[in-house]
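Q: this one's sequence-less:
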């Protein structure tokens, strides 16, 4: 892993950057975007001879999800000076993501992951990202973004626990972004996104707990949240009381909101109010009709939840939109390609008076019916 990174060339000139001058990004995120080669057919990698190419990376997925929801998102990162790097640039730009601070690094290749498709059990994933361009992101890249006004005009910074695991310079980029967000009083969200192939649980817990403590909104599965809180998850399925207590333990660390991703069990939000009171809100999610390759689904949830929060929806609405925005249950890879697309809107859902309650998100009425109908077409409400 690189400890220090040299300068990278910015991929686009002033003409392309000027295209974004009409509206600043509402959400900024940073990390490594990779090319994913996903097996075309289910089965072990050793038996597959055909692969489909996608753009992957948790932060890039969230940016694409927000863009499809009608919100402006910017991605800070590096890609290699190669064909895969070009493919990532074109894909993100085509989705409407602000790539003015996505730069080209001639000193490192674009990272690659190769993944099998499996409906039962964990899928085998091979990563080729050591010394990649994306892992060479540095505090200097974040400062370039700040100098261009990206942090001064945005509302929200989204981080994950993947980037600090990539390299020392990548960890420094997260710290630099967090300090800028704190000084600008931005809302900071943090998705734990534990990657055990990148580091040990001990290393991850030591590095990620402080990031969770400094964030406003923390996302994670029960085992990920237990890691940052220094707790252990029961071997049996955790009961609702344990999940609520776990959310409360993370709240004590500093964030105002903890959002627990429960897979087929939906999601749980624990919120600390200004008077110190703690409330919890549960959304049951949607029953899976067909088996779903779950990789990347959590990024769709995060995009939906952030969108709902930006638009002032209540907790129930933000959770429902997050659960609805996970890639639909279908036998296809859950990269951002599978995210639904929302129709163009003149304003926010709340300002248009078309999404006054969480019930609309759950049952698919009003604008939510229009925007997530593709997702609902492959889901049934959980009973």
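A: Received the coordinates, thanks. Just so it is clear, the model here is predicted, and its values are computed rather than measured.
Q: next, residue 256: phi, psi?
A: In terms of degrees, to the nearest 10, the main-chain angles of residue 256 are phi -90, psi -20.
Q: lowest average confidence, helix or strand, in the chain?
A: Sorting the helices and strands of the chain by mean pLDDT, DSSP states H and E puts strand 379-381 at the bottom, at a mean of 34.
Q: so what are the sheet partners of the helix or strand where residue 188 lies and their directions?
A: In this assignment (DSSP states H and E), residue 188 forms part of strand 187-191. Sheet pairing for strand 187-191, assigned by DSSP bridges, gives strand 156-160 (parallel), strand 217-220 (parallel).
Q: what segments of the chain are helices?
A: With DSSP state H as the criterion, the chain has helices at 14-18, 58-68, 83-94, 139-147, 150-153, 163-166, 168-183, 201-213, 222-229, 240-253, 297-310, 315-325, 358-363, 366-376.
Q: those into CSV, with extra columns for mean pLDDT and distance to residue 43?
A: Backbone N, C-alpha and C define where each C-beta goes, glycine included. Output for these, formatted as CSV (pLDDT from 0 to 100; distance: least, Cβ to Cβ, whole Å):
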stretch, mean pLDDT, distance to residue 43
helix 14-18, 37, 41
helix 58-68, 95, 25
helix 83-94, 97, 24
helix 139-147, 97, 39
helix 150-153, 92, 43
helix 163-166, 98, 29
helix 168-183, 98, 34
helix 201-213, 97, 30
helix 222-229, 96, 28
helix 240-253, 95, 35
helix 297-310, 92, 21
helix 315-325, 89, 29
helix 358-363, 40, 36
helix 366-376, 39, 27
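Q: quick one, which of these gets closest to residue 192.
A: Nearest to residue 192 among the helices of the chain is helix 222-229 (3.9 Å), distances taken as Cβ to Cβ.
Q: which residues does residue 302 contact?
A: By Cβ atoms under 8 Å, 6 or more residues apart in numbering, the contact set of residue 302 is 62, 65, 158, 189, 191, 219, 322.
Q: one more pass at 6 Å, please.
A: 62, 191, 219 (Cβ atoms under 6 Å, 6 or more residues apart in numbering).
Q: ok, so of these, who is nearest residue 141?
A: residue 62 (18.0 Å).
Q: can you report how many residues lie near the closest one?
A: Using other Cβ atoms under 10 Å, residue 62 has 29 neighbouring residues.
Q: same check on the one 10 residues further on?
A: The burial count assigned to residue 72 is 21, neighbours taken as other Cβ under 10 Å.
Q: correct me, but it touches residue 28?
A: No - judged on Cβ atoms under 6 Å, residue 72 makes no contact with residue 28 at a distance of 9.9 Å.
Q: between the contacts of residue 302, which sits nearest residue 48?
A: Nearest to residue 48 among the contacts of residue 302: residue 62, at 28.2 Å, using Cβ to Cβ.
Q: how close does residue 139 get to residue 25?
A: 19 Å (Cβ to Cβ, to the nearest Å).
Q: with residue 252 instead?
A: For residue 252, the distance to residue 25 - Cβ to Cβ - is 32 Å.
Q: more neighbours: which of those two?
A: Higher neighbour count among residue 252 and residue 25: residue 25, with 26 against 11, using other Cβ under 10 Å.
Q: check contacts around that one.
A: 72, 73, 74, 98, 154.
Q: among the residues you listed, which one has the most neighbours?
A: Counting neighbours by other Cβ under 10 Å, residue 73 leads these with 29 neighbours.
Q: surely it is in contact with residue 66?
A: Yes - taking Cβ under 6 Å as the contact criterion, residue 73 and residue 66 are neighbours in contact, 4.2 Å apart.
Q: so what sits against both of these two?
A: residue 27.
Q: neighbours of the closest residue to residue 139 other than its chain neighbours, how many?
A: Using Cβ to Cβ, 6 or more residues apart in numbering and skipping residues adjacent in sequence, the residue nearest residue 139 is residue 176, 3.9 Å away. By the criterion of other Cβ under 10 Å, residue 176 has 19 neighbours.
Q: swap in residue 120?
A: By other Cβ under 10 Å, neighbour count at residue 120 equals 7.
Q: can I assume residue 162 is in contact with residue 192?
A: No - using Cβ under 6 Å, residue 162 makes no contact with residue 192, being 9.4 Å away.
Q: looking at those two, which one has more neighbours?
A: The residue with more neighbours, out of residue 162 and residue 192, is residue 192; 26 against 20, by other Cβ under 10 Å.
Q: contact partners for that one?
A: For residue 192, the contacting residues are 161, 220, 224, taking Cβ under 6 Å, 6+ apart as the criterion.
Q: which of those are buried, as a ChimeraX select command?
A: The ChimeraX command for the buried members of these (criterion: 16 or more other Cβ atoms under 10 Å) is given here:
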select :161,220,224
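Q: return the member of the contacts of residue 192 nearest to residue 145.
A: Out of the contacts of residue 192, the member with the shortest distance to residue 145 (by Cβ to Cβ) is residue 161, at 20.5 Å.
Q: surely the closest one meets residue 209?
A: No - between residue 161 and residue 209 there is no contact under Cβ under 6 Å: 10.1 Å.
Q: from residue 207, how far out is residue 170?
A: On the measure of Cβ to Cβ, residue 170 and residue 207 end up 11 Å apart.
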